[in-house]
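# Provide a 3D model corresponding to the input given below.
(one chain, ligands or ions: 1)
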Amino acid sequence: MTQKQKEILQVPLLDIPASYEQILADVEKKISEVIRSGRFILGPVVEELEARIADYCGTKYAVGVSSGTDALLVSLMAAGVGEGDEVITTPFTFFATAGSIARVGAHPVFVDIEPETFNIDPKQIENKITGKTRALMPVHLYGQCANMDSILEMAREHGLAVIEDAAQAIGSEYKGQRAGSIGDYGCLSFFPTKNLGGFGDAGMVTMSSKELYERVKILRVHGSEPKYFHKTIGGNFRVDAIQAAVVLAKLNYLDHWTEQRRQNAKTYKKLFEEKGLLDSLKLPSEAAPRHVYNQYVIRVKDYRNDLRQFLDKNHVATEVYYPLPLHLQECFGSLGYHQGDFPFAERASTEVLALPIYPELTENQLEYVVEMVAHFFEKIT
Ligand SMILES: *Cc1c(COP(=O)(O)O)cnc(C)c1O
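Predicted structure coming up:
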């Protein structure tokens with residue numbers, strides 16, 4: 001079998017073991033440091049990671065937490081969002097965004113997306129703001145920042161907190177500012193499939209206000225300050241030190257990996273153009289540099305599910321993020337939304353398809369993916 005044949009036997013959506021090759025020595029060294037220290041929860045390695053991430057994102061502070069979901073939850077708690085309040089967000093995102101709003105007793109209020117970027121459409125936010133609105137929660141979907149200028153302007157005007165769901169967007173930039181440093185709170189996830197993933201669950205909240213920093217730190221440990229004295233009720237949102245060690249070791253490679261993802265996106269664009277496929281599908285747009293391509297998501301009208309099946313048969317893994325917008329989820333039925341409320345989000349859910357974009361993809365694999373897409377469209381026309 002030739003090298004090329006070997007590479008295209010299987011094109012997975014993400015090849016986590018492939019990234020171990022480069023990093024295992026660094027990761028093992030850092031993990032054994034933790035094991036030897038005996039500090040498995042919080043402690044010096046977590047503090048080291050917090051400082052490095054704050055620096056990377058361009059904020060003064062960062063607080064390591066148990067997951068991206070808990071980063072959102074603890075930020076909402078720190079912002080004082082609670083029973084009966086409203087938080088404006090997008091219906092086209094991972095469940096955790098709206099789930100965390102509901103978990104603090106508030107109502108997610110949805111606003112449709114911009115079809116080009118898949119991110120919340122700021123033009124539609126203003127007329128959803130009511131006396132109960134406490135926060136705006138934009139999501140930087142797939143690794144590209146939402147249109148933050150308009151969002152910040154509205155937040156200032158109405159005195160609202162801005163919580164960035166940057167779970168997919170570490171290193172992404174908006175007008176020179178890093179994701180997580182633009183709003184009041186930035187919420188990162190180190191879930192293994194994110195651009196900077198641990199070997200388990202972990203997350204981080206970034207911020208530049210000392211007051212918010214102190215508040216999140218106290219909420220992380222059941223609202224305890226000093227120990228065993230509770231002025232507020234928090235939770236166990238602590239991150240474990242072994243995850244922090246893994247993320248810390250991998251952080252040194254993040255910019256390189258991001259560059260590879262961006263390079264893969266460029267190669268896809270070139271190959272799709274060469275195959276004359278731009279009438280059959282729509283490539284992702286780069287509205288706000290820089291896009292970090294946690295996902296490379298194309299749009300395919302009418303044939304999305306057929307194409308997905310065809311690729312699967314030919315050993316190219318794909319995924320649909322997300323097949324059902326949040327306003328139509330059963331658990332949010334009581335919010336009173338209906339089919340047709342957010343036409344752009346609903347349409348996106350029937351058209352989006354994420355192709356493999358992970359850093360270790362080879363040129364042969366990229367070519368093979370595009371070849372298979374081309375075959376599919378030859379077959380149906
Ligand atoms: C992954 C993700 C989260 C949740 O992060 P976890 O670490 O899995 O809890 C939240 N929002 C978005 C947009 C995500 O992609």
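# what sits against Gly171?
Shown in contact with Gly171 (Cβ atoms under 8 Å, 6 or more residues apart in numbering): Tyr56, Arg178, Ala179, Asn195, Leu254, Asp255, Thr258, Arg290, Val292. Every C-beta, even on glycine, is put in place using the N, C-alpha and C of the backbone.
# okay, now the unreliable bits of this structure?
1 (pLDDT under 70).
# show me it divided up by domain.
Using automatic domain parsing, the domain ranges for the chain come out as 18-251, 254-380.
# so which of those comes closest to Leu9?
domain 254-380 (6.5 Å; Cβ to Cβ).
# endpoint to endpoint, that closest one covers what distance?
40 Å (Cα to Cα, to the nearest Å).
# that one and the ligand in contact?
No - Domain 254-380 is not in contact with the ligand by Cβ under 6 Å from any ligand atom; minimum separation 7.5 Å.
# now swap in stretch 190-208 and tell me
Yes - against the ligand, stretch 190-208 shows contacts by Cβ under 6 Å from any ligand atom at Phe191, Asp201, Gly203.
# can you tell me which of those lies closest to the ligand?
Phe191 (3.9 Å; Cβ to the nearest ligand atom).
# OK, contacts around that closest one?
Ser67, Gly68, Ala167, Gly197, Gly198, Asp201, Ala202, Gly203.
# try His140
Residues near His140 by Cβ under 8 Å, 6+ apart: Asn119, Ala146, Glu164, Asp165, Ala166, Gln168, Ala169, Ser172, Ala179.
# what about Met154, distance to Lys269?
With distances taken as Cβ to Cβ, to the nearest Å, Met154 is found 33 Å from Lys269.
# okay, these two: which has more neighbours?
Shown here are Met154 and Lys269; by other Cβ atoms under 10 Å, Met154 has more neighbours (18 against 15).
# ok so, going back, which one of the contacts of Phe191 is nearest the ligand?
Using Cβ to the nearest ligand atom, Gly68 comes nearest to the ligand of the contacts of Phe191, at 2.4 Å.
# which strand residues bridge the residue nearest to the closest one when sequence neighbours are not counted?
Ranked by Cβ to Cβ, 6 or more residues apart in numbering and with sequence neighbours excluded, the top spatial neighbour of Gly68 is Ser189, at 2.5 Å. Listed by DSSP bridges, the beta-bridge partners for Ser189 are Gly203.
# give the contact list for Ser189.
Contacts of Ser189 (Cβ under 8 Å, 6+ apart): Ser67, Gly68, Thr69, Ala71, Ala167, Gln168, Ala202, Gly203.
# which of the contacts of Phe191 fall within strands?
Assigned to strands by DSSP state E, the following of these qualify: Gly203.
# make JSON lines out of the contacts of Phe191 and add neighbour count.
Listed next are the contacts of Phe191 as JSON lines, based on neighbours: other Cβ atoms under 10 Å:
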{"residue": "Ser67", "neighbour count": "23"}
{"residue": "Gly68", "neighbour count": "27"}
{"residue": "Ala167", "neighbour count": "30"}
{"residue": "Gly197", "neighbour count": "20"}
{"residue": "Gly198", "neighbour count": "24"}
{"residue": "Asp201", "neighbour count": "19"}
{"residue": "Ala202", "neighbour count": "31"}
{"residue": "Gly203", "neighbour count": "29"}
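# state the helix or strand in which the closest residue to Gln144 other than its chain neighbours lies.
Nearest residue to Gln144, sequence neighbours excluded (Cβ to Cβ, 6+ apart): His291, at 4.3 Å. Assigned by DSSP states H and E, His291 belongs to neither a helix nor a strand.
# ok, now Asn294?
Assigned by DSSP H and E, Asn294 falls within no helix or strand.
# show me the contacts for it.
Asn294 is in contact with Tyr142, Gly143, Gln168, Ala169, Lys194, Asn195, Arg261, counting by Cβ under 8 Å, 6+ apart.
# that older thread, could the contacts of His140 be laid out in CSV, adding neighbour count?
Compiled in CSV, these are given as follows (neighbours: other Cβ under 10 Å):
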residue, neighbour count
Asn119, 24
Ala146, 32
Glu164, 31
Asp165, 32
Ala166, 33
Gln168, 27
Ala169, 30
Ser172, 26
Ala179, 31
